[in-house]
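S.K.: got a structure for you, letters missing:
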């Protein structure tokens with residue numbers, strides 16, 4: 001049986017990111033749907049230490065976006081500790097995905113909205129995120145992760161007595177934020 005995997009970057013705390021691969025049941029499954037499911041897919045469920053976790057393979061723990069701290073052949077991450085993630089799934093913006101999303105929007109009459117999200121302060125830092133989403137935010141907030149398209153992320157950090165702002169780079173301008181880490185939000189018109 002062929003093992004299907006997708007590269008994913010997971011931010012668990014300010015300045016700390018895990019980059020590696022997760023098992024997926026099918027290439028057509030979106031990463032957000034996988035992590036929002038009631039039981040996250042595991043190729044071998046006997047490997048689980050936590051019920052609500054993902055298993056990553058060939059992982060690099062990166063600090064401050066570029067500094068490699070440590071490598072792991074595999075590691076388990078609790079989904080409750082994920083602030084946001086983004087993947088290397090190029091087809092999120094391809095024509096087939098846009099057609100699928102367009103037909104779903106037509107059926108549900110969902111409109112695109114832009115949201116600005118502020119996360120709680122953790123160790124003198126927080127994230128300021130903006131992005132577009134489709135649907136009712138209240139309905140989406142019932143999920144563990146909310147997908148944002150055309151996303152921008154800034155890390156706001158206090159060093160000594162000064163605040164600084166750093167841009168966080170994303171693959172394909174997509175991310176999914178954990179609803180537990182939304183402290184405040186506003187909708188832009």
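M.R.: Happy to help now that I have it. None of the values given here were measured: they were computed from a predicted structure.

S.K.: how about residue 46, phi and psi?
M.R.: phi -70, psi -20 (degrees, to the nearest 10).

S.K.: any idea how far it lies from residue 80?
M.R.: 22 Å (C-beta to C-beta, to the nearest Å). Where you see a C-beta, it was placed from the backbone N, CA and C, and this is true even at glycine.

S.K.: Give me the more crowded residue out of these two.
M.R.: Legend: neighbour count by other C-beta atoms under 10 Å for residue 46 and residue 80, higher for residue 80 (13 against 5).

S.K.: That one contacts residue 180, doesn't it?
M.R.: Yes - using C-beta atoms under 8 Å, residue 80 is in contact with residue 180, at 6.6 Å.

S.K.: just checking, what packs against the helix or strand that contains residue 163?
M.R.: Using DSSP states H and E, residue 163 sits within strand 162-168. Applying 3 or more C-beta pairs under 8 Å, 6 or more residues apart in numbering; DSSP states H and E, one finds that strand 162-168 contacts strand 145-159.

S.K.: and the gap between residue 169 and residue 78?
M.R.: From residue 169 to residue 78 the distance is 25 Å (C-beta to C-beta).

S.K.: Then residue 66?
M.R.: From residue 66 to residue 78 the distance is 25 Å (C-beta to C-beta).

S.K.: Tell me which of the two has more neighbours.
M.R.: residue 78 (13 against 8).

S.K.: so who does that one touch?
M.R.: Residue 78 makes contact with 50, 52, 53 under the criterion C-beta atoms under 8 Å, 6 or more residues apart in numbering.

S.K.: So which of those residues belong to strands?
M.R.: residue 53 (DSSP state E).

S.K.: PyMOL command to pick out the buried ones of the contacts of residue 78?
M.R.: With 16 or more other C-beta atoms under 10 Å as the criterion, this PyMOL line picks the buried residues out of the contacts of residue 78:
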select buried, resi 53
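
S.K.: mind putting the contacts of residue 78 in CSV, pLDDT and distance to residue 148 included?
M.R.: Formatted as CSV, these follow (pLDDT from 0 to 100; distance: C-beta to C-beta, whole Å):
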residue, pLDDT, distance to residue 148
50, 87, 26
52, 85, 22
53, 89, 23
